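1. coords please:
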Amino acid sequence: FILGNPPYISEVRRQSERFKGVKDQISAYYQPKMDLCDAFLAWAIQHLSTNGQLVYVLPEYWTQRASSANLRASLWECGHIREFWALQDSRLFKNAPGHHSSFLIWQKTDSVQHVVSGEDPPPTTLGMLGPGEKKLEVSQLQELTFTLDQQSGKLLYGHSLEMALLQRLSALPPLLAKHEIQQGIVIPQGRLKKSERHRLPLSLQASLPEDAGIFLLDASEVRRLQLNDEERRLLKPYYQPAGFQPFSGFGRRPPDFEIIYGDLQNRKAIEQQPAIFPNLRFHLERFQSVMTSDFAPYGLHRARQAIWFEDERKILCPRQVDAPAFAVISVPAYVNEGFYSIRPATLDSDFVCAILNSRLAWFWFYKQKRKGHRLQIDKEVLAVFPKPFSVTVDQHQQLTELARSLSNPGTPIPQQKEQWEQLNRQVYQLYG
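-> Numbers count the residues shown, from 1 in each chain. Next up is the predicted model:
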């Protein structure tokens, strides 16, 4: 037996020193950006004798993280999982917020089986109950079927019927192409953080409010800057993820901030034309000592083409949600890396929203990637979401109309519930 609670430290989090010497010892399993707990799993595989068992406490993400793909393939080929417990939001370590633990019992053996005892908290019956309709009880035991997805390298698990459905869906071509999906803006210094304040000159610290805007400005900050027309043109409406709803998105609320949109063109203009942009230059240069952007002080760290935020038929969706929340946003809306923007080239945006907001989509997303009970809808997941078998003209029209009706916040609640049920039934039919 090998028992352990290995350290959970990712190589990308400024911890490269800890990985010195590790790579050579586990060269057959090593992948860039791997976690140190993966190294402990690799050592266990190497040192266990046949029929030996490892019992580890692990972060739940080891079943899904791309940097653990080689390791999962080896676990799959060299033995079998005897028991697996995903604790999700049941905190094993109370002083580690955001950490989601799992228990793994794995046996090294020549005889491999992939149906085990374990615990998987999502609702049963092929996910038909939908998110939030059944609470996890730690005592619930289920017989789980595991499969190693050959395309993504993820270790997927669930009831045998759930896994059969997943395999059927995985065989379908993708609904969206990768070039139709883009992550939002990366803004390390949107507003001044308390931890960064000490890096500013003392005179500036004394004159600034606690949460001063840098690239993200509220209405009063915009007024105080007294921007000219050319400078005002570089400010764009910016929205935060809080309160974003399926179909209706941000609703009728105004933008949370205005963002100084320092993309390649704009940052060069600010830099090269000081007489035209004097107020923006003065404002941004004050914060240069706290900026970590590759394009400081005038540029955002990772800007995107404006069309991803200006397109009238774009779909926005938050990355981490309890349930899918996709909405067609017709007005300009700039968002950060907590969102994805989708611009379908051939499909109707409302039709795509209808599918991606459905219960069947929730089931798919839940099985693909999550943090605790929350879905993690990343590009890698969106890019393999399955396309329906076939769609009739009537089905397309009905789903499109349902999506547009549900986008109206004024629709009465009883009518909304009935429309949601209609939508879910029709999406199930699309996938046979």
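2. do I have it right that residue 337 meets residue 186?
-> Yes - the pair residue 337 / residue 186 is scored as a contact, 5.0 Å apart, by CB atoms under 8 Å. Heads up, the C-betas are built off the backbone N, CA and C, glycines and all.
3. between these two, what contacts are shared?
-> residue 302 (CB atoms under 8 Å, 6 or more residues apart in numbering).
4. by mean pLDDT, which helix or strand of the chain comes out lowest?
-> strand 115-119 (a mean of 50; mean pLDDT, DSSP states H and E).
5. tell me what the very next helix or strand once past that strand is packed against?
-> Per DSSP states H and E, strand 115-119 leads on to strand 142-148 as the next helix or strand towards the C-terminus. Under the contact criterion of 3 or more CB pairs under 8 Å, 6 or more residues apart in numbering; DSSP states H and E, strand 142-148 touches helix 69-78, strand 79-86, strand 115-119, strand 155-158, helix 160-170.
6. and the second one, what other elements does it pack with?
-> It refers to strand 79-86. Checked by 3+ CB pairs under 8 Å, 6+ apart, strand 79-86 has strand 101-108, strand 115-119, strand 142-148 packed alongside it.
7. next one: the first one
-> Using 3+ CB pairs under 8 Å, 6+ apart as the contact criterion, the elements in contact with helix 69-78 are helix 36-47, strand 142-148, strand 155-158.
8. of these, which is nearest residue 29?
-> The closest of the helices and strands packed on helix 69-78 to residue 29 is helix 36-47. By CB to CB, the value is 4.2 Å.
9. and whichever helix in the chain runs longest, average pLDDT?
-> Taking DSSP state H as the criterion, the chain has its longest helix at helix 413-430. Helix 413-430 shows a mean pLDDT of 94.
10. list the contacts of it.
-> Residues contacting helix 413-430 (CB under 8 Å, 6+ apart): 354-355, 357-361, 388-391, 395, 398-399, 402-403, 405-406, 411.
11. 6 Å - rerun?
-> Residues outside helix 413-430 that contact it (CB atoms under 6 Å, 6 or more residues apart in numbering) are 354, 355, 358, 359, 360, 388, 399, 402, 405, 406.
12. what's the spacing between the last one and residue 422?
-> So the one you mean is residue 406. 10 Å (CB to CB, to the nearest Å).
13. more neighbours: which of those two?
-> Legend: neighbour count by other CB atoms under 10 Å for residue 406 and residue 422, higher for residue 406 (23 against 15).
14. does that one really touch residue 245, like I thought?
-> No - with contact defined as CB atoms under 6 Å, residue 406 and residue 245 do not form a contacting pair (9.5 Å).
15. how close does the residue nearest to residue 63 when sequence neighbours are not counted get to residue 71?
-> Leaving out its chain neighbours, the residue that sits closest to residue 63 by CB to CB, 6 or more residues apart in numbering is residue 155, at 4.2 Å. Distance from residue 155 to residue 71, counting by CB to CB: 10 Å.
16. these two: who's more crowded?
-> The residue with more neighbours, out of residue 155 and residue 71, is residue 71; 26 against 22, by other CB under 10 Å.
17. contacts only, for that one.
-> By CB under 6 Å, 6+ apart, the residues touching residue 71 are 29, 38, 41.
18. repeat that with 10 Å
-> By CB atoms under 10 Å, 6 or more residues apart in numbering, the contact list for residue 71 reads 26, 28-31, 34-35, 37-39, 41-42, 45, 62, 65, 153, 155.
19. for residue 380, what is the enclosing helix or strand?
-> Going by DSSP H and E, residue 380 is part of helix 379-382.
20. hang on, residue 376 packs against residue 340?
-> No - contact criterion CB atoms under 10 Å: residue 376 and residue 340 do not qualify, at 11.4 Å.
21. give me the common contacts of those two.
-> With CB under 10 Å, 6+ apart, residue 376 and residue 340 have common neighbours residue 319.
22. neighbour count: these two, which is higher?
-> residue 340 (22 against 18).
23. so that one: helix, strand or coil?
-> strand (DSSP: H, G, I helix; E, B strand; the rest coil).
24. how about residue 29?
-> Under three-state DSSP, residue 29 comes out as coil.
25. these two touch, right, it and residue 68?
-> Yes - contact criterion CB under 10 Å: residue 29 and residue 68 qualify, at 8.8 Å.
26. what touches both of the two?
-> Contacts common to residue 29 and residue 68, judged by CB under 10 Å, 6+ apart, are 38, 41, 42, 75.
27. weakest of the helices and strands packed on strand 79-86 in terms of mean pLDDT?
-> Ranked by mean pLDDT, the helices and strands packed on strand 79-86 end with strand 115-119 at the bottom, a mean of 50.
28. still on that earlier bit, show me what counts as buried in the helix holding residue 380.
-> For helix 379-382, a neighbour-count test (16 or more other CB atoms under 10 Å) marks 380, 381, 382 as buried.
29. which one is the second one nearest to, not counting chain neighbours?
-> It refers to residue 381. Once flanking residues are discounted, residue 381 sits nearest to residue 368: 4.6 Å by CB to CB, 6+ apart.
30. could you check which of residue 29 and residue 68 has the larger neighbour count?
-> residue 68 (26 against 23).
31. from what I see, that one and residue 40 are in contact.
-> No - the pair residue 68 and residue 40 does not pass the contact test of CB under 10 Å, sitting 11.9 Å apart.
32. before we move on, back to that, which residues touch the residue nearest to residue 63?
-> Taking CB under 10 Å, 6+ apart as the test, what residue 155 contacts is 62-64, 68-69, 71-73, 75-76, 81, 84, 114, 146-149.
33. what's the span of stretch 328-348, first residue to last?
-> End-to-end distance for stretch 328-348: 10 Å, by CA to CA, to the nearest Å.
34. avg pLDDT for that stretch?
-> Mean predicted lDDT for stretch 328-348 stands at 97.
35. quick one: buried residues of that stretch?
-> 328-329, 332-336, 339-344, 347-348.
36. quick one: which of these sit in strands?
-> Counting by DSSP state E, the part of the buried residues of stretch 328-348 found in strands is 328, 339, 340, 341, 342.
37. mind putting those into TSV with distance to residue 2?
-> TSV is the format used below for these (distance: CB to CB, whole Å):
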residue	distance to residue 2
328	52
339	42
340	40
341	45
342	45
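38. between those, which is closest to residue 213?
-> residue 339 (19.8 Å).
39. report the beta-bridge partners for that closest one.
-> residue 318 (DSSP bridges).
40. which residues touch it?
-> Contacts of residue 339 by CB under 10 Å, 6+ apart are 182-185, 239-241, 244, 308-309, 316-319, 333, 377.
41. the buried residues of stretch 328-348: which two are farthest apart?
-> 336 and 348 (26.9 Å).
42. so the residue of the chain positioned farthest from its centre, which of the three states?
-> Of all residues in the chain, residue 275 sits farthest from the chain's C-alpha centroid, using CA atoms, centre = their mean; the distance is 41.5 Å. Assigned with three-state DSSP, residue 275 falls in the coil class.
43. this completes my enquiry, with thanks.
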